[in-house]
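**Student:** Sequence first, predicted model second:
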Amino acid sequence: MDSLHLVDPQLRPLLDAWPMTRLNDETLAASRAREFPIPPFDRRGTLLERRSVPGPAGAPDVGLVIYRPEKPCGPLPAIFHIHGGGYVGGAADQMEFLHRPLVKALGCVLVSVDYRLAPEAPFPAAIEDCYAGLAWVIAHGWALGIDPARIGVMGESAGGGLAAALALMVRDRGGYALAFQHLIYPMLDDRTCVTADPHPHAGQFIWPPHNNHYGWGALLGHAPGIDGVSPYAAPARATDLSGLPPTYIATGALDLFVEEDMDYARRLLRAGVATELHVYPGAFHGFDMFPGAAVAAQAVRDSRDALARFLRAAG
């Protein structure tokens with residue numbers, strides 16, 4: 001596979017700044033410890049608070065990072081955010097440079113959850129941590145300046161997969177309701193690891209098939225692609241997508257997840273779920289995280305505009 005000629009020329013410098021790591025048990029610790037250059041951002045106008053809240057029964061507490069406007073006007077809508085990292089890495093506070101400006105621009109509260117990582121804590125640890133964190137936010141919403149009836153879920157990559165799984169879990173358990181799900185190149189389907197017909201141009205950069213296989217194996221505790229995988233682990237396994245909240249899905253045309261993301265959007269539409277899908281040409285996994293390319297700027301605008309519409313509709 002050589003897809004470099006398909007990459008948007010403005011995105012090519014990001015490939016040099018973000019070298020790919022081959023994940024395995026020996027490289028995982030170093031991968032988790034990697035630090036990436038963070039663009040400058042403005043902290044003014046927003047507040048940050050860290051909370052430790054009860055986790056699932058018999059499990060450790062769950063960490064939450066809460067961003068809110070400095071001068072809120074009444075109970076606000078909220079985004080419950082789930083970070084990415086292939087189910088084996090990442091942390092809630094690593095996206096502060098994106099979350100503070102988002103909260104300021106949208107006039108909302110954003111709560112990012114620190115869930116347990118695989119392989120140390122395989123399924124269902126991560127999704128149950130996310131559910132426990134969301135349940136706590138809903139129960140304490142008014143004290144946090146949040147309207148509990150106006151909360152949606154958002155995530156990128158593995159966080160997008162967990163956000164989709166959380167939407168399914170919330171629907172099925174019936175105790176709460178989400179206003180929307182906002183999924184950025186979500187990691188939805190373990191069967192992508194074992195498909196007999198892989199996409200010939202997707203997955204060469206940033207998050208390749210080997211890493212995908214490792215991440216899914218770590219989460220599931222067994223080889224991906226076998227029968228019986230729970231939809232709360234791999235949302236694409238769900239047979240019924242009806243009753244889910246309005247959905248936004250964005251992905252890159254060169255992202256390993258492009259086909260599973262498009263298929264999930266198609267199935268949501270067939271299930272009667274209001275769904276917006278964006279596929280960005282020349283874009284690979286994580287392309288929108290750093291400014292500079294027109295396609296990345298467009299993706300950020302589209303995402304923020306969709307969030308603004310979701311938050312207004314929730315009111």
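**Tutor:** Happy to help now that I have it. Numbering: from 1, shown residues only.
**Student:** my read: residue 186 touches residue 163, true?
**Tutor:** Yes. Counting by CB atoms under 8 Å, residue 186 touches residue 163, with 7.0 Å between them. All C-beta spots, glycine's among them, are computed from the backbone N, C-alpha and C.
**Student:** what residues do the two have in common as contacts?
**Tutor:** residue 155 (CB atoms under 8 Å, 6 or more residues apart in numbering).
**Student:** Do me a favour and average the pLDDT over the longest helix along the chain.
**Tutor:** Longest helix in the chain by number of residues (criterion: DSSP state H): helix 294-314. Across helix 294-314, the average pLDDT comes to 95.
**Student:** Pull the distance from it to the chain's centre.
**Tutor:** Centroid separation for helix 294-314 versus its chain: 15 Å, with CA atoms, centre = their mean, to the nearest Å.
**Student:** Just the buried residues of that helix, please?
**Tutor:** Within helix 294-314, the residues scored as buried using 16 or more other CB atoms under 10 Å are 295, 296, 299, 300, 302, 303, 306, 307, 310, 311, 314.
**Student:** Please report how far the fourth one lies from residue 182.
**Tutor:** Read that as residue 300. As judged by CB to CB, to the nearest Å, residue 300 and residue 182 stand 13 Å apart.
**Student:** count of residues packed around residue 62?
**Tutor:** Residue 62: 25 surrounding residues under other CB atoms under 10 Å.
**Student:** Ignore what I typed, I meant residue 9.
**Tutor:** 8.
**Student:** could you measure it against residue 291, distance?
**Tutor:** Using CB to CB, we find residue 9 at a distance of 16 Å from residue 291.
**Student:** and if you look at residue 211?
**Tutor:** Noted for residue 211: a distance of 25 Å to residue 291, by CB to CB.
**Student:** Sheet-wise, list the partners of the helix or strand harbouring residue 183 with their directions.
**Tutor:** Secondary structure from DSSP states H and E places residue 183 in strand 181-184. Under the criterion DSSP bridges, strand 181-184 sits next to strand 146-156 (parallel), strand 247-252 (parallel) in its sheet.
**Student:** Great, nothing more from me.
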